[in-house]
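> my questions concern the predicted model and sequence given below.
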Amino acid sequence: MANKDMKHPDNVAGKFYCTDPDDENGEGCIACNVCYNGAPEFFGEDEDGNAFIKKQPGTEEEIELCVEQMEACPVGSIGDDGDA
Ligand code: SF4
């Protein structure tokens, strides 16, 4: 499970978020490239390769694309239960 109490500091506010790599439950981003290659409009990469949400999805298609990245993340670091 992603950890909404340990969001990457660069996430824009909203429903979707990426978990900080320092998350002590071990579900933080491991800089695997999947999400920001799969949906570069919504997922950004910091200087260490860790992901953050740079734009929240709006349309159903955009949300679906972000959900696909959430499901593809190998460590479950992406959540969609952040504050809207
Ligand atoms: S898919 Fe998950 S582990 Fe990979 S870069 Fe994105 S948030 Fe990080």
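Received it, and whenever you're ready, just let me know what you need.

> can you show me the helices along the chain?
Counting by DSSP state H, the chain has helices at residues 34-38, 60-72.

> which of those helices sits closest to Pro9?
Pro9 lies closest to helix 34-38 among the helices of the chain, at 16.4 Å (C-beta to C-beta). C-beta: built from backbone N, CA, C; applies to glycine.

> which other helices and strands contact that closest one?
Secondary-structure packing of helix 34-38 (3 or more C-beta pairs under 8 Å, 6 or more residues apart in numbering; DSSP states H and E): strand 43-45, helix 60-72.

> flag every buried residue along it.
By 16 or more other C-beta atoms under 10 Å, the buried positions in helix 34-38 come out as 34-36.

> so Pro74 makes contact with Ala31?
No: the pair Pro74 / Ala31 is not scored as a contact, 10.9 Å apart, by C-beta atoms under 8 Å.

> these two: who's more crowded?
Shown here are Pro74 and Ala31; by other C-beta atoms under 10 Å, Ala31 has more neighbours (15 against 8).

> list phi and psi for the residue lying closest to the more buried one once chain neighbours are set aside.
Closest residue to Ala31 apart from its sequence neighbours, by C-beta to C-beta, 6 or more residues apart in numbering: Gly49 at 3.4 Å. Per-residue torsions, Gly49: phi 90, psi 10 (degrees, to the nearest 10).

> most packed of the helices of the chain?
Mean neighbour count (mean count of other C-beta atoms under 10 Å) peaks for helix 34-38 among those, with a mean of 18.

> and the average pLDDT for that one is what?
The average pLDDT within helix 34-38 is 98.

> quick one: contacts of it?
The contact list for helix 34-38 (C-beta atoms under 8 Å, 6 or more residues apart in numbering) reads 18, 43-45, 51, 65, 68-70, 72-74, 78.

> hmm, that helix in reach of the ligand?
Yes: with C-beta under 6 Å from any ligand atom as the criterion, the ligand is reached by helix 34-38 at 34-35.

> count the neighbours of Ser77 for me.
Neighbours of Ser77 under the rule other C-beta under 10 Å: 29.

> mind pulling the model confidence for it?
96.

> who does the residue nearest in space to the middle of the chain form a beta bridge with?
Central residue of the chain (C-alpha atoms, centre = their mean): Cys18, 3.0 Å from the mean position. On the basis of DSSP bridges, Cys18 is bridged to Ile78.
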